[in-house]
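Participant: Kindly generate the corresponding structure for this input.
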Amino acid sequence: MTPLILAGNAVTAEVLLTYLRRDSRYSVIATTVDDAYAAGGSVRDVPCVPLSQLQAAHAPGSCRILMAMGYDDLNRTRASMFERLRGQGYTLETYVHPDARVFGEVGEGSIVLPGAIVEPLATVGRDTMVWSNVTLAHHSTVGDHCWVAAGTVVSGQAVVEHHTFVGVGATIVNKIKVADHNIIGAGALITRDTKPDTVHLARSAEPVRFSANDYVKHFGN
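Facilitator: Numbering: from 1, shown residues only. All right, here's what the predicted structure looks like:
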């Protein structure tokens, strides 16, 4: 088993710990966070080591680190921790869940969760989260420090550039480029190239002028 430390002590870490405790390749021995957040405790029974004490408690050669943080500040917070841990000499684990299918390339410190598929010639950058049931189609590219939420489809030859968040169930069509530092909302359909630092939300779920009871009477379920 590979001794593993989770970088994070909140929701993402709790989800990953659940998967890892069913994965015989790994043994989670601790979590680590910036010192200011260590008082928040750890995940379940796993001890939390403040980052300033990590090297003394677990030397870089004795374990690997799995990035287990969310997408705060367009993934900048996670990226900062990623680079600091690398700077301290730790190896950042690339985790592919046994129920994911990867035929392309997945970069250092990235995570691919169950049901996701990375098709041939697709590429995932460093420190990127690919959540469950995502499809990254052939020749597509997802950059560094991105978050691709559950059910998203990145179609063939499409590109998602660095530090972008893609919400649940979004679709990015063939050969489209989503620029860096974008927010793509849940269910959005992206059919044109986007500009850096822009937000694209789906409007399909806006309330209609009918009440639910009136709608059922006139249009059915």
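
Participant: how many other residues sit next to Leu17?
Facilitator: For Leu17, the neighbour count with other Cβ atoms under 10 Å is 21. To be clear about C-beta, it is placed using only N, CA and C from the backbone, and glycine gets the same treatment.

Participant: ok, now Phe219?
Facilitator: The burial count for Phe219: 9, using other Cβ under 10 Å.

Participant: Isn't Gly115 up against Ser132?
Facilitator: Yes: contact criterion Cβ atoms under 8 Å: Gly115 and Ser132 qualify, at 4.7 Å.

Participant: beta partners of the spatially most central residue of the chain?
Facilitator: Centroid-nearest residue in the chain, with Cα atoms, centre = their mean: Met129, separated by 2.1 Å. Beta-bridge pairing for Met129 (DSSP bridges): Ile111, Trp147.

Participant: mind checking pLDDT for Arg126?
Facilitator: On pLDDT, Arg126 comes in at 98.

Participant: please renumber so the chain begins at 803
Facilitator: From this message on, residue numbering opens at 803, which makes the last subject Arg928.

Participant: Count residues in the vicinity of it, would you?
Facilitator: Neighbour tally, Arg928, other Cβ under 10 Å: 21.

Participant: Who are the contact partners of it?
Facilitator: By Cβ atoms under 8 Å, 6 or more residues apart in numbering, Arg928 lies in contact with 884, 894, 909-912, 946-947.

Participant: buried set for stretch 867-878?
Facilitator: Buried residues in stretch 867-878, counted by 16 or more other Cβ atoms under 10 Å: 867-871, 873, 876-877.

Participant: Looking at those residues, which are in strands?
Facilitator: Assigned to strands by DSSP state E, the following of these qualify: 867-869.

Participant: Which member of the residues you listed is positioned nearest Val962?
Facilitator: Met869 (17.8 Å; Cβ to Cβ).

Participant: Who does the closest one form a beta bridge with?
Facilitator: For Met869, the beta-bridge assignment (DSSP bridges) gives partners Ala809.

Participant: Correct me if wrong: it contacts Ser882.
Facilitator: No: using Cβ under 8 Å, Met869 makes no contact with Ser882, being 11.2 Å away.

Participant: So in the protein, which strand runs the longest?
Facilitator: The residue-count maximum for a strand in the chain (DSSP E) belongs to strand 828-835.

Participant: Follow the chain on from that one and name the next helix or strand.
Facilitator: Once the chain leaves strand 828-835, the next helix or strand it forms, by DSSP states H and E, is helix 837-840.

Participant: chain center to that following helix: distance?
Facilitator: Chain-centre distance of helix 837-840: 22 Å, with Cα atoms, centre = their mean, to the nearest Å.

Participant: which element follows it toward the C-terminus?
Facilitator: Counting by DSSP H and E, what follows helix 837-840 is strand 850-852.

Participant: Pull out the buried positions in the helix or strand following that next one.
Facilitator: Next along the chain after strand 850-852, taking DSSP H and E as the criterion, comes helix 856-859. Residues of helix 856-859 classed as buried: Leu856 (neighbour count, 16+ other Cβ under 10 Å).
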